[in-house]
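Asks: Below: sequence and its predicted model.
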Amino acid sequence: MSGAQAQNQSGLRGKVVDSERAPIGNVFVLAHSRTGDGPHIRTDTAGYYEIQLPPGIYDVFVSAEGFSPACRKIEVNAHRMTRFDVTLEVNTLGYED
């Protein structure tokens, strides 16, 4: 990809980790705008994700099995990839020892 193409991209990118900073793979990441459901993606095995989005304000939902979900309102600016890293906390509700 050329430098000019990279400058024209907008969206979200980041990394999802647990409370001990270990990456979490296969995490569901959804960017929802007021105009309707937005794109979703899963993190790679190293916990990284990237979603191309038009500029706007999004509710970003992040969830993984065994962890409490996270949600945050994020503004995506034109021609810029906004960084949104997430730390998920372990949730043992519903799990038996």
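Replies: Thanks, I have the structure now.

Asks: Provide the partner residues of I57 in its beta bridges.
Replies: According to DSSP bridges, the residues that bridge with I57 are E75.

Asks: Need the residue closest to the centroid of the chain.
Replies: V29 (4.5 Å; C-alpha atoms, centre = their mean).

Asks: I'd like the distance between that residue and T82.
Replies: Remark: distance between V29 and T82 (C-beta to C-beta, to the nearest Å) = 13 Å. Every residue, glycine included, has its C-beta placed from N, CA and C.

Asks: Now do the shared contacts for the two.
Replies: L12 (C-beta atoms under 8 Å, 6 or more residues apart in numbering).

Asks: pLDDT score assigned to the residue nearest to Q52 when sequence neighbours are not counted?
Replies: Leaving out its chain neighbours, the residue that sits closest to Q52 by C-beta to C-beta, 6 or more residues apart in numbering is G11, at 4.4 Å. Looking at G11, its pLDDT reads 95.

Asks: quick one: contacts for Y58?
Replies: L12, A31, H32, S33, G38, K73, I74, E75, V76.

Asks: can you do 10 Å?
Replies: For Y58, the contacting residues are 11-12, 30-34, 38-39, 51, 72-76, 82, 84, by C-beta atoms under 10 Å, 6 or more residues apart in numbering.
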